[in-house]
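Trainee: Take this sequence and fold it.
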Amino acid sequence: METNYPTDRLNSIFHQNSAHPLVTVGELSRADLSLFDPIDFGMYCVVLMETDFGTLIKNGQKISYAPDTLFTLRPGQVVQTELNYQVRPRGWMLAFCPELLEKTGLGRDFYMFSFFFSDTQEAIRLDSVEKGIIVNCFTNILAELNTPADYLSDQLIRLGIGQLLSYFKRFHERQFNRVSGEEEIFRKKLDRIVDSYLSSGLPAQKGQPTVNWCASQFNLSPNYFGSLVRRELHITAQEYLQEKLTNAAKALLRETQMSVNEISEELGMS
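Mentor: You can find the predicted model right below:
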């Protein structure tokens, strides 16, 4: 029986069957050249360019890249490559539909992957070890897509995507957010602690993070912790937490089908 998957168009370009209605992984070397024409895939995409095979243009802006670099796309962005026909395209592409995020752990955590909404004009450079990690992520997702489906399939596919996006986040922060000094070290540690708590499901059980709770994670008194936040981040600890909650709520509202009441409960606001 014929399918009518959102991924069918992209899979036809890669000359492969649609193994999942909402997710696909393809090798650039197998793709029709139409892949590199101006196109909006309507999906979230992570692309590894293993060779420099032309000029990469995203939403009308040239993207600086070299062999072994990563970039992302979000629904609504148009990408094209003005090909250098002397160099064969090589690399990997993951694409998944926004519907994959609905009422799932991946959707709940998706606010952490804000790089999809960053319009930087530079791709993420990878060293040989990092490239190996990323290629393994692509191949693991592809292997799961090609494994006979069972009740664990969707969970494992989402976990694989989450792992790839988490590595992208690490490499993105290394390239663009590397700032020396105690302020950056403190901010990153605090962000990591609060983001982890907000994505854990615990706010619905134990309430939203408090200044006292954050202070305890640093083994500091609440007063000293509050002073440290004001000194290093130039806002109060309560303002910092409110900003985190607001951003998490906006992301859930944007990327999931959860109602306002469900989001409020998920983040311990009710």
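
Trainee: Pretty sure residue 232 sits against residue 185.
Mentor: No: counting by CB atoms under 8 Å, residue 185 is not a contact partner of residue 232; they are 9.1 Å apart. In short, each C-beta sits where N, CA and C put it, glycine included.

Trainee: Can you give the contact residues for the host helix or strand of residue 191?
Mentor: Following DSSP states H and E, one finds residue 191 within helix 182-198. With CB atoms under 8 Å, 6 or more residues apart in numbering as the test, helix 182-198 has contacts from 112, 173, 177, 203, 209, 213-214, 217-218, 228-229, 232-233, 240-241, 244-245, 248, 267.

Trainee: let's see it at 7 Å
Mentor: 112, 209, 214, 217, 232-233, 244, 248, 267 (CB atoms under 7 Å, 6 or more residues apart in numbering).

Trainee: which parts of that helix are buried?
Mentor: 186-187, 190, 194-195, 197-198 (16 or more other CB atoms under 10 Å).

Trainee: How far does it sit from its chain's centre?
Mentor: A distance of 18 Å separates the centroid of the chain from that of helix 182-198, by CA atoms, centre = their mean, to the nearest Å.

Trainee: Could you export that helix as CSV, CA atoms only?
Mentor: C-alpha atoms of helix 182-198 as CSV (Å, rounded to 0.1, in the frame of the first residue of the first chain):
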residue,chain,number,x,y,z
GLU,A,182,34.4,33.5,36.1
GLU,A,183,31.2,35.1,34.8
GLU,A,184,30.9,32.7,31.9
ILE,A,185,31.9,29.7,34.0
PHE,A,186,29.3,30.5,36.6
ARG,A,187,26.6,31.3,34.0
LYS,A,188,27.1,28.0,32.2
LYS,A,189,27.0,26.0,35.3
LEU,A,190,23.9,27.7,36.5
ASP,A,191,22.2,27.4,33.1
ARG,A,192,23.0,23.7,33.0
ILE,A,193,21.6,23.1,36.5
VAL,A,194,18.4,25.0,35.9
ASP,A,195,17.9,23.7,32.3
SER,A,196,18.3,20.1,33.6
TYR,A,197,15.8,20.6,36.3
LEU,A,198,13.2,22.3,34.0
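
Trainee: Give the burial count for residue 238, as a bare number.
Mentor: 12 (other CB atoms under 10 Å).

Trainee: Relative to residue 185, how far out is it?
Mentor: From residue 238 across to residue 185, the span is 22 Å (CB to CB, to the nearest Å).

Trainee: State the distance from the spatially closest residue to residue 15 that is not a sequence neighbour to residue 142.
Mentor: Nearest residue to residue 15, sequence neighbours excluded (CB to CB, 6 or more residues apart in numbering): residue 30, at 5.8 Å. Applying CB to CB, the value for residue 30 to residue 142 is 12 Å.

Trainee: Which one's more surrounded, these two?
Mentor: The residue with more neighbours, out of residue 30 and residue 142, is residue 142; 20 against 12, by other CB under 10 Å.

Trainee: quick one: contacts for the nearest residue to that one once chain neighbours are set aside?
Mentor: Among residues not flanking residue 142 along the chain, residue 25 sits closest, at 4.2 Å (CB to CB, 6+ apart). By CB under 7 Å, 6+ apart, the contact set of residue 25 is 92, 94, 138, 141-142, 145.

Trainee: want to throw these into CSV with secondary structure and pLDDT?
Mentor: Below are those laid out as CSV (DSSP: H, G, I helix; E, B strand; the rest coil; pLDDT from 0 to 100):
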residue, secondary structure, pLDDT
92, strand, 98
94, strand, 98
138, helix, 98
141, helix, 98
142, helix, 97
145, helix, 96
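
Trainee: In the helix or strand bottoming out on mean pLDDT in the chain, which residues are buried?
Mentor: None of the helices or strands of the chain scores lower by mean pLDDT, DSSP states H and E than helix 222-233, at a mean of 80. Using 16+ other CB under 10 Å as the burial criterion, the residues of helix 222-233 that qualify are 225-226, 228-229, 232-233.

Trainee: from the middle of its chain, how far away would stretch 88-102 be?
Mentor: Distance, centroid of stretch 88-102 to centroid of chain: 11 Å (CA atoms, centre = their mean).
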